[in-house]
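Visitor: Structure, please.
(2 chains)
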Amino acid sequence: MTATPGFPLLEVEALTISLPARGGGWTDLVRDVSFSLAPREILGLVGESGSGKSLTALALMGLVDAPGARITGSARYRGRELLGLKKREMQLLRGAEIAMIFQDPMTAFTPVYTVGAQIDEQIRAHRALSRAGARARTVEMLGEMGVPDPARAADRYPHQLSGGLRQRAMIAMALSCNPSLLIADEPTTALDVTVQAQILGLLRRLRRDYASAVLLITHDMGVVAETCDRTMVLYSGSIAESGPTDALFLQPGHPYTAGLLDSIPPLHGPRPRRLPAIPGAPPSPAQRPQGCSFRPRCAFNHAACLDPPPMLRRGRQDIACVLPAEGRDLPPRPMASFDAPVPA
Amino acid sequence: MLMALLGRLGQTLLVLLGISVLVFAVFFATPGADPTARIAGRNASPETMAAVRHEYGFDRPLPVQYLRMMDKLFVTRDLSSFVDHGQKVVPEVLRAAPVTLSLVGGAAAIWVAASVTIGTIAAAMRGSWIDRGLMMLGLVGISMPVFWLGEVANLVTQSRYHHSWLFSWVPGLGYVSLWRDPSGWFAHLVIPWIVLAVLFIGIYGRVLRADLVASFDEDFMRTARAKGLSDSRVLLHHGLRTSMITFVSLFGLDFAQLVGGGALLTEVVFGLPGVGRLTYQALNNLDLPLIMATVMYSAVFVVLANAVVDLVYLLLDPRTR
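Guide: Here you go, the predicted structure:
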């Protein structure tokens, strides 16, 4: 079910993004994040707001522009280092090799141009095509993304399209130059549920039709379960757990992952009167507790948690928690509450 | 689109009607003040008073007075000034209008070009010393009163350095018609243009820079960058184009009030016989018919200019269509 893990398309190692802290020093917003992405693979990046998932994606695109931000580590795309790449070379890569779609398709299009003109613009920025040639490609892409009457839709302004159509147009624009990697930052959050399912279906199809890998950023475990081959859970800027989606959903190794999974209402069986929630709120990056950042909210908090948790491997999962090493694995979860991703 | 235009036109007419009633009420229907004496001027003879009273219908009900006044302003256009020996005021305003239009139009061209350039450069180099320097200059421009700057310009170009090679081309104060002498028209107006534009270059440059800098945080700007567009294309094609919406609405208001007589100080300082100077004279002499005419002219212009701005708005922002 997983795409063949051969030569990685993207390899991120020890990515750390910091801002200068008040009173000297640095505050790490993203801390020591490593992962790799194979061609045609869909990797889910899950976490609460502020966990650093969007920032990670923006760093890969070279779009972090917080004043004074420091990015260390490495991110290699097809063996080529992205961090510190020259502006001009990054521009050639953006949109052509690595494309990105954003959460709110309403505000992500420039309001004063037609959707078609904006897609044409991206195509013409990367391909030597005439206006008419670019437009033909635009209409073709819109049609393939399931936009009805694509030629007319291309002449519409963003505000004249529905949210679902706008997101389809956004994906059409992102894919217009056949990128190998698509970064989707909460692509379904602003959409209603039926449209959300359609867009996720579209993303799953991409690897077959366009041979694209997808880095899907979301806070929604349901979206992950439906879509991703592998899942990486971020908590307070660090990886809490990563592994194949099925293994991770079957037996989460990190109490935080388990907490996230518990907070999804079960589809089968008796409904709890009240959904379990993780108590407390994530710490601000400037005031992380000593040791494991999740410690204050964790039911398994004990003396060993005062040291930074090691990244341990259990089966196919990597877990930043001491519990598996102490032989206190979290219990497996009933399979019924989760539908495995359908191989595309 | 057509319906929007027609609706807009209807609104414009309605607003003009409202303004005319208001202006009339202020000047002619204020309780306790006799407009006859005002129109007839100081120390007018009883015969003149009677003639005025009859001509304007001040012995008739208010609606009749209003209609008479509008008739004199817009239809027969024979509203005349008693202070100024029966000079007809409407042709006087119409003669002054091209002067004001020349002054304000040229200044507007300068201030739009300069402020767009300055605002865009400052936004592109935000945080740098160039940005800070330009914004500082803008503030200096805003802080200089136009009459003072005009007098200084006159002092330098007309008197102190008039005989130097730099300013020997500057003609004396006044106005020459564009049709009669295009180069003279330009030479007479270029210094007033710059003087009038300085304030607006400062304001518009700063406003545009702030608007552009704010737009860098917009999602669509991030999308544009994620598409792999060059920085200049992102800034000009996406940022500046969108910021033009705010810019144009601001411009419309300022342009209209200047054409409507707001350039009074500049006109007086440079001896340009425009509407502003006419208003200034009318106020000095308490020439009620002339004041009435210039105020109405100004109102018409502000309202028309607003309508034009709304049209441009429709073109610039598809969301308003």
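Visitor: so how far is B:Leu199 from the residue most central in space within chain B?
Guide: What sits nearest the mean C-alpha location of chain B, by C-alpha atoms, centre = their mean, is B:Leu258, with 1.4 Å. Distance, B:Leu258 to B:Leu199, by C-beta to C-beta, to the nearest Å: 11 Å. For every residue, glycine as well, the C-beta is placed using N, CA and C.
Visitor: next one: A:Glu41
Guide: Plainly put, A:Glu41 is 60 Å away from B:Leu199 if you go by C-beta to C-beta.
Visitor: returning to what we had before: if I pick the residue nearest to the centre of chain B, what's in contact with it?
Guide: B:100, B:104, B:107-108, B:196 (C-beta atoms under 8 Å, 6 or more residues apart in numbering or on different chains).
Visitor: Which members of the residues you listed occur in strands, if any?
Guide: Among these, no member falls in strands (criterion: DSSP state E).
Visitor: And these, which two are furthest apart?
Guide: B:Thr100 and B:Ala108 (11.8 Å; C-beta to C-beta).
Visitor: So A:Gly243, which state does it fall into?
Guide: Here A:Gly243 takes the strand state, with states given by DSSP: H, G, I helix; E, B strand; the rest coil.
Visitor: which residues does it form a beta bridge with?
Guide: Taking DSSP bridges as the rule, A:Gly243 bridges to A:Thr231.
Visitor: if I read this right, it contacts A:Ala320, doesn't it?
Guide: No - contact between A:Gly243 and A:Ala320 fails when scored by C-beta atoms under 8 Å: they sit 11.7 Å apart.
Visitor: and A:Pro111, what element?
Guide: Assigned by DSSP states H and E, A:Pro111 belongs to neither a helix nor a strand.
Visitor: Repeat that for the one 5 residues further on.
Guide: Taking DSSP H and E as the definition, A:Gly116 sits inside helix A:115-126.
Visitor: What of A:Ala190?
Guide: Going by DSSP H and E, A:Ala190 is not part of any helix or strand.
Visitor: before we move on, what about B:Arg209?
Guide: Element membership of B:Arg209, judged by DSSP H and E, is helix B:182-215.
Visitor: Show me how far the very next helix or strand once past that helix is from its chain's centre.
Guide: Next in sequence after helix B:182-215, counting helices and strands by DSSP H and E, comes helix B:219-226. Its chain's average C-alpha position is 38 Å from that of helix B:219-226, according to C-alpha atoms, centre = their mean, to the nearest Å.
Visitor: what packs against helix B:219-226?
Guide: Helix B:219-226 is packed against helix A:105-108, with contacts defined by 3 or more C-beta pairs under 8 Å, 6 or more residues apart in numbering or on different chains; DSSP states H and E.
Visitor: which residue packs closest to B:Arg53, ignoring adjacent ones?
Guide: For B:Arg53, ignoring the flanking residues on the chain, the nearest one in space by C-beta to C-beta, 6 or more residues apart in numbering or on different chains is B:Thr36 at 4.9 Å.
Visitor: List the buried residues in the host helix or strand of the one you found.
Guide: B:Thr36 belongs to helix B:35-40 when assigned by DSSP H and E. Neighbour counts over helix B:35-40 (16 or more other C-beta atoms under 10 Å in any protein chain shown) mark B:35-36, B:38-40 as buried.
Visitor: No more questions from me, cheers.
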